[in-house]
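**Student:** got a predicted structure here, sequence first:
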Amino acid sequence: MNKDSAHFPPVDPVKTGIKGCCPRCGEGKLFDGLLGLKPRCAACGLDYSFADAGDGPAVFVILIVGFIVIGMVLWLQVNYGPPIWVHILLFGPLTIILSLATLRWFKGILIAMQYRHNAREGRLSD
């Protein structure tokens, strides 16, 4: 990533990541579609080619959504004991919806954190 010579006030990476906004100005949109990145920010012109969240967002989603869904499955099974088709009807769509929503949030947060800390691949110190 090139050195950023523009002067913008720092933005909160969590808030901008959840909103899907530019990590530098907090105004422009980060995503093009559901999970694809735009080539650059429409507001400040930041090139998003530095952004590579990798598998990090997927790991967080698997751990968090899996914990929530499996907890709900176990609670429902212990308290009511419904047949398996009820679990499939309830928790199949819930898992997909939660995974897609949180995957976008975590990808935005990790890209914003990557920008804020000037993180790059294969670098140990500045």
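**Tutor:** Good, I have the coordinates.

**Student:** burial measure for the closest residue in space to residue 27 that isn't next to it in sequence, as a count.
**Tutor:** Once flanking residues are discounted, residue 27 sits nearest to residue 43: 3.9 Å by CB to CB, 6 or more residues apart in numbering. From N, CA and C alone the C-beta is placed, and that goes for glycine too. Residues lying near residue 43 (other CB atoms under 10 Å) number 14.

**Student:** ok, now which ones touch residue 43?
**Tutor:** Residue 43 makes contacts with 22, 25, 27, 28, as judged by CB atoms under 8 Å, 6 or more residues apart in numbering.

**Student:** most neighbours among those residues, which one is it?
**Tutor:** Busiest of these [other CB under 10 Å] is residue 22, holding 26 neighbours.

**Student:** contact partners for that one?
**Tutor:** Per CB under 8 Å, 6+ apart, neighbours of residue 22: 16, 28, 29, 30, 41, 43, 44, 46.

**Student:** tell me the one among these nearest to residue 117.
**Tutor:** residue 16 (14.0 Å; CB to CB).

**Student:** so residue 100 makes contact with residue 34?
**Tutor:** Yes - using CB atoms under 8 Å, residue 100 is in contact with residue 34, at 6.9 Å.

**Student:** tabulate the contacts of residue 22 (TSV), appending pLDDT.
**Tutor:** Formatted as TSV, these follow (pLDDT from 0 to 100):
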residue	pLDDT
16	94
28	91
29	94
30	93
41	92
43	90
44	90
46	90
